[in-house]
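[1] Sequence plus predicted model, see below.
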Amino acid sequence: MDLTLTQLRVFVAVAEAGSLRAAARRLGIAQSGVTQQLRKLETSAGGPLFERGHRGARLTSIGERLRIRADVILGECVRTENEMRQLRGELTGQVSLGVAAEAMMRLFPALLASFRERCPRIDVHLTSATSRVLTAWVRDGSLDFALALVSNEADIHDLDATTLFESPVTVIARRGHPLGHARTLRALKDCEWVSTRPRHSGDVVNRLSVLFEDAGLEPPRIAATTEAVFDTLHCVANSDYLALEPVRLAAHPFFRDHVEIVPIKEQALSTRVYLLRRAGVPLTPVAQELASMAVSFARMLPATRVTGVSAVMDETPRQ
């Protein structure tokens, strides 16, 4: 397969623009040039990459697979160009990172402000998603690194993982919930739950099910799953649904007037927030700077712990 970067750039431009004419305008070349590059690429790929119709150009199954690879390849090219400039002392370019909800609330705003003081010409592109998704995007090179929750059972042997902080979780309900003062999980057995994670999975997603199982109860009744913790907390704050989420989220100014911790005696397994990056692949100088700062900032965070029926925020910075 004799591919060129020019062919891949033209291919991605057509995929993004939805037509050859729009891609040609975006690239500043003649439409015939776009057609020529696509034909060469389709010959190498062994089949058509687009289905052309009155609604424009849509990717075929081969095209969809190539799009994934092309994004990775072109992303690495951009990273390499940035790295070469940065090694020459030109602090320009972009850092792409993923941040899970708790890391966003506890760490990122101050971290970004400090980084911008040091590197004002660097564009920081932030992606928020579940930790499961962020981990996948680190693996495929879409992100330079991520600040994500990782359970003890998760398989991250192919990644470099640096511990940032512990993340204890607790049951969260809306303020005024009829069972808001329950002291045992059994009292909540008939409630419905909203989760940011799939019902059946092998990592951190199963903490709620494990909590019920350890208490000798039937599996929890899941009303819905979401892809964002903010969606989960919004549902909880406006209904009688419950959620099992990080303690710090319930104490955040965005939510503390609307949700509260249900003081049950049972505690779910704590997890950790890690800085995840691809093993064996060096970060660009500015990405490494931001990653190192994230580790340093995390070491100064106050600890959070759950003591049976309440959450305690230890405001003594770690040394």
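    Great, that's in hand.

[2] Any chance of the backbone angles for the closest residue to residue 27 other than its chain neighbours?
    Distances taken as CB to CB, 6 or more residues apart in numbering put residue 13 closest to residue 27, at 5.4 Å, once the chain neighbours are dropped. The way it works is simple: take the backbone N, C-alpha and C, and place the C-beta from them, glycine included. Backbone torsions of residue 13, given as degrees, to the nearest 10, read phi -60, psi -40.

[3] before we move on, what about residue 216?
    phi 70, psi 30.

[4] How many residues are close by it?
    Using other CB atoms under 10 Å, residue 216 has 8 other residues around it.

[5] residues touching it, list them.
    With contacts defined as CB atoms under 8 Å, 6 or more residues apart in numbering, residue 216 has no neighbours.

[6] Quickly find the element holding the nearest residue to residue 3 once chain neighbours are set aside.
    Nearest non-adjacent residue to residue 3, counting by CB to CB, 6+ apart: residue 44, 5.8 Å away. Secondary structure from DSSP states H and E places residue 44 in helix 31-45.

[7] before we move on, back to that, how near is the residue nearest to residue 27 to residue 19?
    10 Å (CB to CB, to the nearest Å).

[8] for residue 8, same thing?
    18 Å.

[9] neighbour-wise, which of those two wins?
    residue 8 (20 against 16).

[10] Near the residue lying closest to that one once chain neighbours are set aside, how many residues? Count them for me, please.
    Distances taken as CB to CB, 6+ apart place residue 70 nearest to residue 8, at 4.5 Å, with adjacent residues excluded. Residues lying near residue 70 (other CB under 10 Å) number 20.

[11] OK, contacts around residue 70?
    8, 11-12.

[12] how far away is it from residue 135?
    Taking CB to CB, one finds residue 70 at 22 Å from residue 135.

[13] now the strands: where do they sit in the stretch 51-200 of the chain?
    56-59, 93-99, 122-127, 145-150, 159-167, 169-174, 192-195 (DSSP state E, counting those that start in this stretch).

[14] does residue 2 really touch residue 41, like I thought?
    No. Residue 2 is beyond contact range of residue 41, at 9.6 Å (criterion: CB atoms under 8 Å).

[15] of these two, who's got more company?
    Between residue 2 and residue 41, residue 41 has the larger neighbour count (other CB under 10 Å), namely 22 against 8.

[16] Next one: the more buried one, what pLDDT does it get?
    Looking at residue 41, its pLDDT stands at 89.

[17] Hmm, residue 14 and it touching each other?
    No. Between residue 41 and residue 14 there is no contact under CB under 8 Å: 10.0 Å.

[18] and residue 7, that's in a strand?
    No. Residue 7: not assigned to a strand; according to DSSP: H, G, I helix; E, B strand; the rest coil it is helix.

[19] Downstream of the one helix or strand residue 224 maps to, the next helix or strand is which one?
    Per DSSP H and E: residue 224 is located in strand 221-225. Downstream of strand 221-225, the next assigned helix or strand under DSSP H and E is helix 229-237.
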